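> turn this into a model:
(chains A, B, C and D)
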There are 2 protein chains.
Amino acid sequence: MGAQLHRILRTAIIEGDLVPGQAISEIEMSKRFSISRQPVREAFIKLGEERLIEVLPQRGTYVRKISVKGVLDARHLREIIEVSIVREVALKHDASLIKVLRHLIVKQQKTKPGDSRSFLALDEDLHRAIALHAGREYAWRVTEGIRAQMDRVRFLSFDFATPTSQLVCEHTALVDAIESGDADLAAQCMEQHLRGILSSLPLIAEHYPEHFVDD
Amino acid sequence: MGAQLHRILRTAIIEGDLVPGQAISEIEMSKRFSISRQPVREAFIKLGEERLIEVLPQRGTYVRKISVKGVLDARHLREIIEVSIVREVALKHDASLIKVLRHLIVKQQKTKPGDSRSFLALDEDLHRAIALHAGREYAWRVTEGIRAQMDRVRFLSFDFATPTSQLVCEHTALVDAIESGDADLAAQCMEQHLRGILSSLPLIAEHYPEHFVDD
DNA sequence: CCTTGAATACTTGTATGGTAGCATCCAAAA
DNA sequence: TTTTGGATGCTACCATACAAGTATTCAAGG
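Numbering: from 1, shown residues only, chains lettered A, B, ... in the order given. Next up is the predicted model:
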């Protein structure tokens, strides 16, 4: 129950169904899902660890507002990790991985223009496939919280952000670089790709000021 | 209460007072600390997230055995992050940081041979000072779980591990490199330093087989 | 002697009652 | 008009009781 609710609330926050700053009490959630307060409380603890909500003792629990600095820090760290990983992968010359990645890109091309959830899932699939192929499950697990912070912005910014066709191009270039075995080029592709994802962050923060905390 | 107990148990596990594989029930801990099961339970959740314990529903809770592969993965990721950070710091040429770091090294030299806790704390102080000076608080926070995994081995291996005098030398070389502004050299120093820390891991795993899980 | 099965003693998970602390509102006094 | 004090309602937090599931034990039967 608690774990289940944790996943539900987590995606609800990331996808923006629970807006930043919104108050969410244990009682409210326990009523909404017809369970007791205890599982709710335990879900809140996990969400607090992930910095998706903020629990203020005896005062209330709130969906955390997005921090521009925090998101940029997260992106920076993700860049460090995934660039390092893609360097390893480029040197392995594994044809089976290339095949999987190209298949994912095809599926990305097939997604309908409005279906952002599907595209983001396929985007994550591609990055995960690379990481796991490098044997970096541990690193991938660590990036979970990082991706959560970034995804909050991405779900908020589909109308402003880079069109998916552009992202597909970047993925293609990335896979090409991996296939060619050029680690430097692959690293450069990954770097540009990850930086471009949040290119619209300033606009978003300006357009939804109430969703962000200024720091 | 719950947060307090979490810190207590966390250090107890890292320092080896709670041995890997040991069963620790909610009731046992609630009696030992004279509190109810609920705060204990919430502390367990956090420890489970950090992979320091494993909660098996309706079966029991156990201190996680150390995974050699897991520790090496953690070290690898820490290397990626801290090497990147020390590169930034080396390019900043900040005299005040150098002063702080040298002061920490002096304090490290003054620690008594047997006082491993104090030395490890000062070791962490130095690494944290570098990270925070680079403005990488986010990255430092992410490495908390990583350091926990590594520290479990370090606390287990004081008799076998690299002598502290050697570590002090490595720290000195690292700070020298930072002061000289040579990012490549600083990165190399950090890399060697972090790899050396766990040089005795194979011996430890062989000497305490019951503390480790074979993977 | 070996196998099987039920009773028992554990475990974690959930539900609920009560407590302490904070914020708000509103009236009374300066 | 402004300030202050207290009552009220809210919150997260802790304690306790109950439920559900697992592992063990031990005795009965083949």
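
> contacts, neighbours, all on C-alpha from now
OK.

> now find how far off-centre the lengthiest helix in chain A is within its chain.
In chain A, assigned by DSSP state H, the helix with the most residues is helix A:68-90. Distance of helix A:68-90 from its chain centroid, counting by C-alpha atoms, centre = their mean, to the nearest Å, is 12 Å.

> okay, the angle between the helix or strand following that helix and helix A:68-90?
The helix or strand immediately downstream of helix A:68-90 is helix A:95-110, counting by DSSP states H and E. Comparing the axes of helix A:95-110 and helix A:68-90 via axes from the mean of the first three to the mean of the last three C-alpha atoms, to 10 degrees yields an angle of 140 degrees.

> list the buried ones in helix A:95-110?
A:97-98, A:101-102, A:104-105, A:108-109 (16 or more other C-alpha atoms under 10 Å in any protein chain shown).

> possible to save the residues you listed as a markdown table with distance to residue B:69 and pLDDT?
Shown next, in a markdown table, are the buried residues of helix A:95-110 (distance: C-alpha to C-alpha, whole Å; pLDDT from 0 to 100):
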| residue | distance to residue B:69 | pLDDT |
| --- | --- | --- |
| A:97 | 23 | 97 |
| A:98 | 26 | 98 |
| A:101 | 27 | 98 |
| A:102 | 30 | 98 |
| A:104 | 29 | 98 |
| A:105 | 32 | 98 |
| A:108 | 34 | 97 |
| A:109 | 37 | 96 |
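
> as CSV, those residues with distance to DNA strand D would be great.
Converted to CSV, these look like this (distance: C-alpha to the nearest atom of the strand, whole Å):
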residue, distance to DNA strand D
A:97, 38
A:98, 41
A:101, 38
A:102, 41
A:104, 37
A:105, 41
A:108, 39
A:109, 42
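
> return the closest of these with respect to residue A:202.
residue A:108 (26.3 Å; C-alpha to C-alpha).

> return the distance of stretch A:31-41 from the chain's centre.
27 Å.

> now do the end-to-end distance for that stretch.
13 Å (C-alpha to C-alpha, to the nearest Å).

> any bit of that stretch sitting next to chain B?
No - using C-alpha under 8 Å from any C-alpha of the partner chain, we find that stretch A:31-41 stays clear of chain B, coming within 9.0 Å at best.

> so what touches that stretch?
A:1-2, A:5, A:26-27, A:29-30 (C-alpha atoms under 8 Å, 6 or more residues apart in numbering or on different chains).

> out of the residues you listed, who's nearest DNA strand C?
residue A:1 (3.5 Å; C-alpha to the nearest atom of the strand).

> and that closest one, how far is that from residue A:43?
9 Å.

> columns distance to chain B on top of the buried residues of helix A:95-110, output as CSV?
Below are the buried residues of helix A:95-110 laid out as CSV (distance: C-alpha to the nearest C-alpha, whole Å):
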residue, distance to chain B
A:97, 21
A:98, 24
A:101, 24
A:102, 27
A:104, 27
A:105, 28
A:108, 30
A:109, 33
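
> just the strands in chain A please.
Ranges of strands in chain A, per DSSP state E, are A:53-56, A:60-63, A:66-67, A:212-213.

> so for DNA strand D, which of those sits nearest?
Of the strands of chain A, nearest to DNA strand D by C-alpha to the nearest atom of the strand is strand A:60-63, at 3.5 Å.

> close to chain B: what parts of chain A are there?
A:42, A:45-46, A:70, A:73-74, A:77, A:80-81, A:84, A:136, A:138-139, A:142.

> need the max-distance pair from the residues you listed.
Pairwise distances across those peak at 35.1 Å for A:42 and A:84 (criterion: C-alpha to C-alpha).

> low-confidence ranges in chain A?
The model of chain A has no residue with pLDDT under 70.

> can you list the residues of it near DNA strand C?
A:1-2, A:34-39, A:58-59 (C-alpha under 7 Å from any atom of the strand).

> what about burial for these, which qualify?
A:2, A:37, A:39.

> and of these, the nearest to DNA strand D?
residue A:37 (7.6 Å).

> tell me which residues touch the most centrally placed residue in chain A, please.
Central residue check for chain A by C-alpha atoms, centre = their mean: the C-alpha nearest the mean position is that of residue A:147, 3.0 Å away. Each residue near residue A:147 by C-alpha under 8 Å, 6+ apart is listed here: A:74, A:78.

> do the same with residue A:93
With C-alpha under 8 Å, 6+ apart, residue A:93 has these contacts: A:178-179, A:181.

> tabulate these (CSV), appending neighbour count.
Converted to CSV, the contacts of residue A:93 look like this (neighbours: other C-alpha atoms under 10 Å in any protein chain shown):
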residue, neighbour count
A:178, 28
A:179, 21
A:181, 19
